[in-house]
Each structure stands twice: as C-alpha cells, then as structure tokens.
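Student: the sequence and its predicted three-dimensional model are supplied below.
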Amino acid sequence: MNLTLHHINLSTDNVEKMDEFYRDVLGLGRAKDDLPVLEKNKGYSGDVAFVSDGKIQTHLAQRDIQAGFNTGQIVNPLARGHIAYRTDDLDAFKKHLESKGVAYSDWGERAVAGWHQIFFYDPDGTVIEVHQRKS
C-alpha cells in the first residue's frame, strides 16, 4: 500500500477569486492531467477550480458545510478543506486505520466518479483524504 501526495483542497466562498489568486499571484497553471469528474448529484454540487505546479494539484472548492449531512458522512472535507493522498490499495489502508483505532468516513464515489475516497482527521482535526482510482 503506497501513498503519494495527490492534491491539497482549499475550501472557499469565492472560487473565482481564489483561482485568480493562485494563478496570477503564485503563478500556478490550470491543472490538466488526471482531473476528477465531479459527481454533482450525490451530495456536493459546488464549483471547483483546479490549479497545479505541474506535480501537485490544488483543488479550490466551494465551501459546503452541509456536504457531510447531504452524503450521510461524519467527516466533511468541504467545510475547511483537506490534504489528499492516492493509494494503490485502499482496502489495505482502511485495515491499517482500523488497526490503529482511527475512525474514517467512507465516501465511496459520492464526490468524484472513479475515485473511492475515505476521509479522517489527524490529531489536530485536519481532514485527510486517501483515495484509490477505480480501474
């Protein structure tokens, strides 16, 4: 079970302003490769802009404090944002979390088509995503 940093998600009330800032001030480009296909009818329908330094994506997502309720999940990755890792074996990673006593919310493909996502908190409350692309 390998983990690689895939993206950082920043939740915002103004996606357009954040997109402009990250592109114009920080010089990031529009992310082009491996972009998620958003599932707008499964609990989160917000706007998202995707920027990248060429290696790591930053997802600028419209804040939605109701997304957890709308999807029936405890952990809401769209209230404050999150850090996301990609794995090649999500089942093994879930077993690893369970062995460590770490509770997680299994979002399945509720937010992104083709990505099975889980979310959990670090000790300070930062939301962490681990996902696996479905073949």
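Tutor: Yes, it's here. Nothing here was measured: the structure is a model prediction, and the numbers come from that model.

Student: what's the neighbour count on residue 114?
Tutor: Residue 114 has 13 neighbouring residues, counting by other Cβ atoms under 10 Å. Using the backbone N, CA and C atoms, a C-beta is placed for each residue, glycine as well.

Student: got the contact list for it?
Tutor: 36-37, 133-134 (Cβ atoms under 8 Å, 6 or more residues apart in numbering).

Student: show me where this protein has strands.
Tutor: According to DSSP state E, the chain carries its strands in the segments 3-12, 29-30, 37-38, 48-52, 57-62, 82-87, 105-108, 112-113, 115-121, 127-133.

Student: distance to residue 94 and mean pLDDT for these - can I get that in TSV?
Tutor: As requested, the strands of the chain are exported to TSV (distance: least, Cβ to Cβ, whole Å; pLDDT from 0 to 100):
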stretch	distance to residue 94	mean pLDDT
strand 3-12	13	92
strand 29-30	33	92
strand 37-38	23	76
strand 48-52	25	94
strand 57-62	23	93
strand 82-87	10	94
strand 105-108	8	94
strand 112-113	18	90
strand 115-121	6	95
strand 127-133	8	94
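
Student: of those, flag the one that's most buried.
Tutor: Using mean count of other Cβ atoms under 10 Å, the stretch among the strands of the chain with the greatest mean number of neighbours is strand 57-62 (a mean of 23).
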